[in-house]
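Colleague: predicted model and sequence follow; I will ask about them next.
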Amino acid sequence: MLSKEKVLVLKEMEKTIHAILQKIDKENEEFIRSLGLDKKQNKILLKALDNFEKQIQVLFIKQKKEYLAAVARLPEYMKKNHKKVGRTVKKAAVPEVLIDNIAEIMAGFIFANEKAYIDKLAALYVAFTNSFFGQIAEICARSVEGSRLGPEMSLTKKATDWLDQHKIKFAQEVNQTTHDAVIKSLKESLGEGKGNNPAGNKLVSDVPNHFNQSKVKEKEKKLEALTDPEKYNTVYQAVEQQQCFEFYRARRIARTETISAMNAATLEGWRQSEVIGGKEWACACDKVSREWHKNADGQQVPLEEPFIVGGEKLMHPGDSSMGASAKNVIHCRCTMKSVLKYKMRR
Ligand SMILES: [Zn+2]
């Protein structure tokens, strides 16, 4: 049964989706302008970014709504699966394990449709890159003096492979972060009360004594508590307050991916011009730029070879296809300059 309060929360989220779709954001405009591209590129990228950010936000809100509805049904679910829950409770030797095991059972129920979200994220990424990748690549190819690009342009296998590979990586990583964040909230809300949930839900907070006694009867009492809807209020709150669904995460993801795919498209354009021999890392270089990227500023490499940044290989800023870590790509605003074949310093 959903309480009145919980129904209100879910209804409120429905309204937020409409508000997001209507919102036009000036901040993204400034962000795109800060990349120093030409007017036509700015326009194409801004539209793609705005749209992608909104789509991700909408997905997060829907996902959160679905997960909250599942959390509200948890007591019912735990009751139905009392044998499985019972085995878990009896098996756990220490409270930490009990919390982990119970959270795992809950997660199995809450994340039952997770695969659909991964697919949806991948589809969003495809729509996002379809809306600008080819165009940006062509602008870059044609803007090179002496470009040998013919009247028609189609993407090379290198570019389509990168897009295919990154689509999957993107969808899995975004989803995994959401998954881990929700699990973390579940565990915190089941425990003594840490992080976002200082109160805890006392579901297993007095377990230590009881574990020392190791009395099966006592453990079974805990089991009863696990089907009490009242006990789930803090679990619900913990998921409701989970920041992984917030707009700023959607924004950070959309911006990171915009720069990353824009750089991949730029590289593809230069590749197809046939007169560009190399690329130079251009750091956005301001007070928020990371030290690694400041050091990479001016680094020149052949077009089809990776930059080495912080000891990691990147084909372009924002590229993780060669194993660059998240901290090397998230929120990066670096771009590249082209180097003509004959000007390459080697
Ligand atoms: Zn950077």
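Modeller: Yep, it's here. Everything quoted here is computed from the prediction, not taken from an experiment. Numbers count the residues shown, from 1 in each chain.

Colleague: quick check: next helix or strand after the helix or strand containing residue 137?
Modeller: Of the helices and strands defined by DSSP states H and E, residue 137 is found in helix 133-143. Remark: after helix 133-143, the chain's next helix or strand is helix 157-190, criterion DSSP H and E.

Colleague: now do that following helix against helix 133-143: the angle between them, please.
Modeller: 140 degrees (axes from the mean of the first three to the mean of the last three CA atoms, to 10 degrees).

Colleague: on that earlier part again, for the helix holding residue 137, which outside residues touch it?
Modeller: For helix 133-143, contacts defined as CB atoms under 8 Å, 6 or more residues apart in numbering pick out 38, 40-41, 44-45, 147, 149, 153, 155, 159, 163, 261-262, 264-266, 268-270, 272-273. In short, each C-beta sits where N, CA and C put it, glycine included.

Colleague: how about 7 Å then?
Modeller: Helix 133-143 has contacts (CB atoms under 7 Å, 6 or more residues apart in numbering) with 40-41, 44, 147, 149, 153, 155, 163, 261-262, 265-266, 268-270, 272-273.

Colleague: so residue 296 makes contact with residue 311?
Modeller: No: between residue 296 and residue 311 there is no contact, the gap being 11.2 Å when judged by CB atoms under 7 Å.

Colleague: and those two? which has more neighbours close in?
Modeller: Taking other CB atoms under 10 Å, residue 296 and residue 311 do not tie; residue 296 has more neighbours (22 against 9).

Colleague: residue ranges with poor pLDDT in the stretch 151-300 of the chain?
Modeller: 192-225 (pLDDT under 70).

Colleague: quickly find the element holding the residue of it found nearest the ion.
Modeller: Relative to the ion, the nearest point of the stretch 151-300 of the chain is residue 293 (3.6 Å; CB to the ion). In this assignment (DSSP H and E), residue 293 forms part of helix 291-296.

Colleague: that helix: which residues count as buried?
Modeller: 292, 293, 296 (16 or more other CB atoms under 10 Å).

Colleague: that helix: what's the following helix or strand?
Modeller: Immediately after helix 291-296, counting by DSSP H and E, sits strand 300-302.

Colleague: how far is that next one from where the chain is centred?
Modeller: 30 Å (CA atoms, centre = their mean, to the nearest Å).

Colleague: partner strands of the helix or strand following that strand, parallel or antiparallel?
Modeller: Per DSSP H and E, strand 300-302 leads on to strand 307-309 as the next helix or strand towards the C-terminus. Applying DSSP bridges, strand 307-309 is found paired with strand 312-314 (antiparallel).

Colleague: residue 278 - that's part of a strand, no?
Modeller: Yes: the assignment for residue 278 (DSSP: H, G, I helix; E, B strand; the rest coil) places it in a strand.

Colleague: quick check: it touching residue 307?
Modeller: No: judged on CB under 7 Å, residue 278 makes no contact with residue 307 at a distance of 10.6 Å.

Colleague: follow-up on the earlier one: buried ones only from the contacts of helix 133-143, please, as a ChimeraX command.
Modeller: Provided next is the ChimeraX selection string for whichever of these are buried by 16+ other CB under 10 Å:
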select :41,44,147,149,153,155,163,261,262,265,266,268,269,270,272,273
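
Colleague: quick one, phi/psi of residue 92?
Modeller: phi -70, psi 130 (degrees, to the nearest 10).

Colleague: tally of neighbours for it?
Modeller: 20.

Colleague: separation between it and the ion?
Modeller: 45 Å (CB to the ion, to the nearest Å).

Colleague: tell me the pLDDT at the nearest residue to that residue once chain neighbours are set aside?
Modeller: Closest residue in space to residue 92, ignoring its immediate chain neighbours: residue 98 at 3.7 Å, by CB to CB, 6 or more residues apart in numbering. Looking at residue 98, its pLDDT stands at 80.
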